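Undergrad: I would like to see how this sequence folds:
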Amino acid sequence: MTEPLRPPPLAAAVAAHLETLILEGALAPGEKLAPERELAETLGVSRPSLREGLEMLETKGLLARGKAGHVVAQFMAPLAGLLGSNPRVGEDYFEYRLLIEPHAAALAAVRATDPDRAAILSCLEEMEAAHANPDPAREAAADTRLHLLIHEASHNLVLLHVLRLFAELLRQGILHSRERFWQRQAVRDSILTQHRAIASAVVGGDAGVAEKAMREHIAFSGQVFAEWKGEEARLSAALRKRNRDGLIAR
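TA: Numbering: from 1, shown residues only. The predicted structure follows:
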């Protein structure tokens, strides 16, 4: 006799639902969940079932509990720390982006939904406003957000979460200083023009143009980064020569 199908326990269903939201990027690392009472009402479950489901996600390392409640765990933090300890990670970062992000933009042009397109255009408007203000920190944040939205629009979960890792490295200043990257007006102008082209192609559904525009943007950013690294190296060498006097016997 065939056993009747039974729904999973509510706690397991809660855990599975929240895990899917984390995997799809709807809940991002560092975001705080609503209070238990509110969250239980939103999900339509009892608070004991909710607590059990949250504990399941804590065990998996996807949620962390503090005095203020549950937050989505920074589950990529160990990898971020490992990458951040390598002095060549900046160069490797741009090399990786040049290989991956053009393809992500092409996928986004093909797969983007109407909400994806609306979010991309809204983010571009935010970048335009920050550029006109001018507000380099706000513009840098919009830049990172735009790339995340394009990866979300690719509907490839691996691409999305790897870029989230890079976004965290950028936030910590491990890859390079976002503030310094936006200090030069000519660089800011060029990057805004490049983002307009990328967003237009993705929203317009032109995969070939989106891929080309993203490749040109990443190549430009990598070139600016390399020039700055060269400037830093020359400045450090000059300072070492200037400060050698106190090391030499007279």
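Undergrad: and the closest residue to residue 197 other than its chain neighbours, what is it in contact with?
TA: Take residue 197 and drop its neighbours on the chain: the residue closest to it by C-beta to C-beta, 6 or more residues apart in numbering is residue 213, 4.2 Å away. In this view, the C-beta of every residue, glycine as well, is placed from N, C-alpha and C. Each residue near residue 213 by C-beta atoms under 8 Å, 6 or more residues apart in numbering is listed here: 105, 194, 197, 198, 201.
Undergrad: tell me the SS of residue 70?
TA: Applying DSSP: H, G, I helix; E, B strand; the rest coil to residue 70 yields a three-state assignment of strand.
Undergrad: any idea which helix or strand comes after the helix or strand of the chain with the lowest mean pLDDT?
TA: Using mean pLDDT, DSSP states H and E, helix 77-84 stands out as the lowest-scoring helix or strand of the chain, at a mean of 62. Once helix 77-84 ends, the next helix or strand along the chain (criterion: DSSP states H and E) is helix 89-111.
Undergrad: helices or strands next to that next one in the packing?
TA: Here helix 89-111 touches helix 136-154, helix 157-171, helix 185-204, helix 207-242, going by 3 or more C-beta pairs under 8 Å, 6 or more residues apart in numbering; DSSP states H and E.
Undergrad: Going by contacts, tell me the helices and strands next to whatever helix or strand comes next after it.
TA: For helix 89-111, the following helix or strand on the C-terminal side (DSSP H and E) is helix 114-132. Under the contact criterion of 3+ C-beta pairs under 8 Å, 6+ apart, helix 114-132 touches helix 136-154, helix 185-204.
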